[in-house]
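Asks: From the sequence below, what's the structure:
(chains A and B)
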2 protein chains.
Amino acid sequence: MRAAPSQEEVRRQNLGALLRYLHRHGAMSRAELTAKLGLNRSTIGALTADLAAASLVTEEAGRPAAAAGRSGRAGRPSLVVTPRSDAAYAYAASVEADRVRAARVGLGGVLLDRREAPRDAVAGEPASVAAGFVAELHGAAPRDVRCIGAGVAGVDTGVARAALTSVLPEGIPVVAGTVSDLAAVAEHARGAAAGCDNVIYLYGATGVTAGIIMDGRRFSGAGGAAGAVGHMVVNPGGHACACGARGCWETEVGEQALLRAAGRSGAGREAVRAVVDAADRGDARARDAVRQVGGWLGLGVANLVNIFNPDLVIFGEALRDIYLVAAASVRSRLNSIALGPNLSRLRLRTPALGDDAPMIGAAELAFEALLADPLDGRT
Amino acid sequence: MRAAPSQEEVRRQNLGALLRYLHRHGAMSRAELTAKLGLNRSTIGALTADLAAASLVTEEAGRPAAAAGRSGRAGRPSLVVTPRSDAAYAYAASVEADRVRAARVGLGGVLLDRREAPRDAVAGEPASVAAGFVAELHGAAPRDVRCIGAGVAGVDTGVARAALTSVLPEGIPVVAGTVSDLAAVAEHARGAAAGCDNVIYLYGATGVTAGIIMDGRRFSGAGGAAGAVGHMVVNPGGHACACGARGCWETEVGEQALLRAAGRSGAGREAVRAVVDAADRGDARARDAVRQVGGWLGLGVANLVNIFNPDLVIFGEALRDIYLVAAASVRSRLNSIALGPNLSRLRLRTPALGDDAPMIGAAELAFEALLADPLDGRT
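Replies: Next up, the predicted model:
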């Protein structure tokens, strides 16, 4: 119902569209940008000049490496526009159950500096550890380069956001999202889901949550609590869940479910990998456990496929390890439950960005404000 | 990633925003439109003049009935802009399991003419019956008024669309959506979900499907098959479903589940109402049946609430009748499963538009093209 934008808003939208394209896809010739963005040459020229004046891109004659051989046309080479990873950066952090990561990420998605540690190798709360890493990165960062802001992925987004805010100078905006939401954002922006508009990213560790991209947009619900797929009840007579209910999906597919089925104790990603490795080596009990969890995994995915009709489901973290060895069980159960039209476009994948996905998504979130309005109030 | 619109596109967007507002909310003064749309007075004046020239609105001095008493200010009354329901209309039809409806709907959502019959009172396939109704409406429609197109809600959208296309003159576009999707669209546009951006409309008859509005937009999945919530498996050891799987939600909450639990035979809405009425009168077996189905209804809704974090769930068709008598069982099970943050904004409702919702949504769908570009290529 909102009215259309004014001319000045149109210019800002176009600047944002152009910079977003370069941020996602890297250096590109003006000719390619003209084609990709559907704007005419003179408009692209004016917009790139504006972005260059704001020190956000460089322009030089020549062909970007990525375009080599793409065009057979002779003639004057088009100017190549490159996003300046040295001119603007964001901090990104990810506070996960068993690991903490942080990075300084330049425009264009370039990892300029990073810190990482397994959860049990460092003292203190995970969010404080992440904040400590960001403080270190900030201490080592050049003073004369523009810091856009910071993004953080966490199970508790409020705590994660507060921790980062406390170590950064006032005025640096800190944004936060859930680990699974931001993993989905990252895979959609530059990973396995690039070009897919309907994506479910399953982040499975102790619990299972989903990052949801629908019609090309991150979906997080009326209050930011969407994606609690681990608490979809699939087995009302089953195991008690930590949430107080019985038979939640995560009681059948989480780390503890696999270890329980394999008759093992312990916890964490390494314990999951040990079962998966044993199954790979032919250990009968481990194989049964993997098959059983794979079946439940397929059942829950089938439910989500019936509900969302996605074109891609990505298995992240511990679910990645389980999926890789239990793919046949997952597919078999999935195919027996999901409806034909809902299955017809579906692909199942593991993350292209590996375990860095939530951190990369946090950087994407931090860059959003710049990409929405590259000149940020400046004309 | 799309670039921003041109000036001419901006004008069309503004014309669309203005006409959409009037279509949804009815007659309104220029002053109110200026405030609601965030455009200045001269722009609103130019846009309404364009729409009046295209015979889509009228302008006259005075106050719209709806605004009476809203403003205490004295002075020159603002011109009132009224959408012309006599100048443009769409056909709308709904092909449901037990009923067929069709209507001619004027701009502004005015029902100008209608036909309706229970499924078993008419011979022929439901889609053909709907097409026959539309042919009748078309025969009685004035020749000199602009027909925008036709919309149809159906379980099988392809069949429904083909049936309507066959009885209308060439050149009249026919669009289709599922019954649950279009019921959700209607309740969101002018019903119980007006102003809510995250809505699940549960359409329950023999099966259960969901119309999903997320972040203000209809969501239908990568291939239009989203919302098959009736085939979410919630009881793997339960009843066989017509789809071939076991323990689908609709085997526990559909019409047959209620009749089975109540120890009755039969089918259809009347049979459901008979059980609900018996429960209301204190019949013990009917009360147990309603309580049991209500519990399963609450469980499935809890799953959807954990997944979507909606602000509104609407119980439509047979689920409306069941919900009204089983609300306590639904709420109790829902509260025991759904997570706190997911429940905090949730309201449960019955449809404000009653059983007409899918047909009204079909009309909204048909009007979309006009509202996106009111002058339709004409300048």
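Asks: could you give me the average pLDDT of stretch A:294-307?
Replies: Stretch A:294-307 comes out with an average pLDDT of 98.
Asks: same check, this time on stretch A:191-204
Replies: 96.
Asks: and the stretch 251-379 of chain A, which of its residues are near chain B?
Replies: Counting by C-beta under 8 Å from any C-beta of the partner chain, the residues of the stretch 251-379 of chain A close to chain B are A:299, A:302-304, A:306-311, A:336-339, A:341-342, A:344-345. Any C-beta I mention is one placed from the backbone N, CA and C, and that applies to glycine too.
Asks: Buried subset of those, written for PyMOL?
Replies: In PyMOL, this line selects whichever of those come out buried by 16 or more other C-beta atoms under 10 Å in any protein chain shown:
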select buried, chain A and resi 299+302+303+304+306+307+308+309+310+311+336+337+338+339+342+345
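Asks: In helices, which of the residues of the stretch 251-379 of chain A next to chain B fall?
Replies: A:299, A:302-304, A:306-308, A:336-337, A:341-342 (DSSP state H).
Asks: Among those residues, which one lies nearest to B:Val105?
Replies: Distances from B:Val105 to these, taken as C-beta to C-beta, are shortest for A:Pro341 (29.2 Å).
Asks: For the closest one, list the residues it contacts.
Replies: When contacts are counted by C-beta atoms under 8 Å, 6 or more residues apart in numbering or on different chains, A:Pro341 touches A:309, B:223-225.
Asks: which of these has the most neighbours?
Replies: A:Asn309 (27 neighbours; other C-beta atoms under 10 Å in any protein chain shown).
Asks: And what about the residue lying closest to that one once chain neighbours are set aside, helix, strand or coil?
Replies: Distances taken as C-beta to C-beta, 6 or more residues apart in numbering or on different chains place B:Gly221 nearest to A:Asn309, at 2.6 Å, with adjacent residues excluded. Secondary structure, DSSP: H, G, I helix; E, B strand; the rest coil: B:Gly221 is coil.
Asks: burial measure for B:Gly221, as a count.
Replies: 24.
Asks: check contacts around it.
Replies: Contacts of B:Gly221 by C-beta under 8 Å, 6+ apart are A:198, A:308-310, A:342, B:227.
Asks: again, but for A:Arg30
Replies: A:Arg30 neighbours (C-beta under 8 Å, 6+ apart): A:41, A:44-45, A:48, A:59, A:78-81.
Asks: Pick out whichever of the contacts of B:Gly221 sits closest to B:Asp321.
Replies: The closest of the contacts of B:Gly221, once distances to B:Asp321 are taken by C-beta to C-beta, is B:Gly227, at 20.8 Å.
Asks: so which helix or strand takes in the closest residue to that closest one other than its chain neighbours?
Replies: What sits nearest to B:Gly227 in space, not counting adjacent residues and going by C-beta to C-beta, 6+ apart, is B:Ala210, at 4.2 Å. Per DSSP states H and E: B:Ala210 is located in strand B:208-214.
Asks: So in that sheet, which strands flank that strand, and in what orientation?
Replies: strand B:199-204 (antiparallel), strand B:217-219 (antiparallel) (DSSP bridges).
Asks: deepest of these, which one?
Replies: Sort the strands paired with strand B:208-214 by mean neighbour count, taking mean count of other C-beta atoms under 10 Å in any protein chain shown, and strand B:199-204 sits at the top with a mean of 30.
Asks: List only those of the contacts of A:Arg30 flagged as buried.
Replies: Buried among those (16+ other C-beta under 10 Å): A:44-45, A:48, A:78-81.
Asks: wouldn't A:Ala210 be in contact with A:Ser180 here?
Replies: Yes. A:Ala210 lies in contact with A:Ser180 (C-beta atoms under 8 Å); the separation is 5.7 Å.
Asks: that older thread, between the ones in helices among the residues of the stretch 251-379 of chain A next to chain B, which is closest to B:Gly244?
Replies: Closest to B:Gly244, out of all of these and judged by C-beta to C-beta, is A:Ser336, at 7.3 Å.
Asks: Need the nearest residue in space to that closest one, chain neighbours excluded.
Replies: Nearest to A:Ser336 is B:Ala245, by C-beta to C-beta, 6+ apart, at 6.3 Å.
Asks: OK, contacts around the one you found?
Replies: A:336-337, B:231, B:233.
Asks: Look up how far B:Asp355 lies from it.
Replies: 29 Å (C-beta to C-beta, to the nearest Å).
Asks: which element is A:Arg114 on?
Replies: Going by DSSP H and E, A:Arg114 is in strand A:110-118.
Asks: Would you mind checking the average pLDDT for that strand?
Replies: Strand A:110-118 comes out at a mean pLDDT of 94.
Asks: who does it touch, helix- and strand-wise?
Replies: strand A:99-106, helix A:126-140 (3 or more C-beta pairs under 8 Å, 6 or more residues apart in numbering or on different chains; DSSP states H and E).
Asks: So for chain B, which of these sits nearest?
Replies: Chain B lies closest, by C-beta to the nearest C-beta, to one member of those: helix A:126-140, at 18.4 Å.
Asks: so after the closest one, what's the next helix or strand?
Replies: Toward the C-terminus from helix A:126-140 - assigned by DSSP H and E - lies strand A:146-154.
Asks: And the next helix or strand past that following strand?
Replies: helix A:157-167.
Asks: Quick check: residues of the stretch 51-200 of chain A near chain B?
Replies: So far as C-beta under 8 Å from any C-beta goes, the stretch 51-200 of chain A lies against chain B at A:197-198.
Asks: Low-confidence bits of the stretch 51-200 of chain A, can you list those?
Replies: Scanning the stretch 51-200 of chain A for pLDDT under 70 picks out A:63-77.
Asks: For the closest residue to chain B within it, the count of nearby residues, please.
Replies: Using C-beta to the nearest C-beta, A:Asn198 is the residue of the stretch 51-200 of chain A that sits closest to chain B, at 4.2 Å. Using other C-beta under 10 Å, A:Asn198 is surrounded by 24 other residues.
Asks: Over to A:Val57?
Replies: Neighbour tally, A:Val57, other C-beta under 10 Å: 26.
Asks: Over to it: give its phi and psi.
Replies: phi -140, psi 160 (degrees, to the nearest 10).
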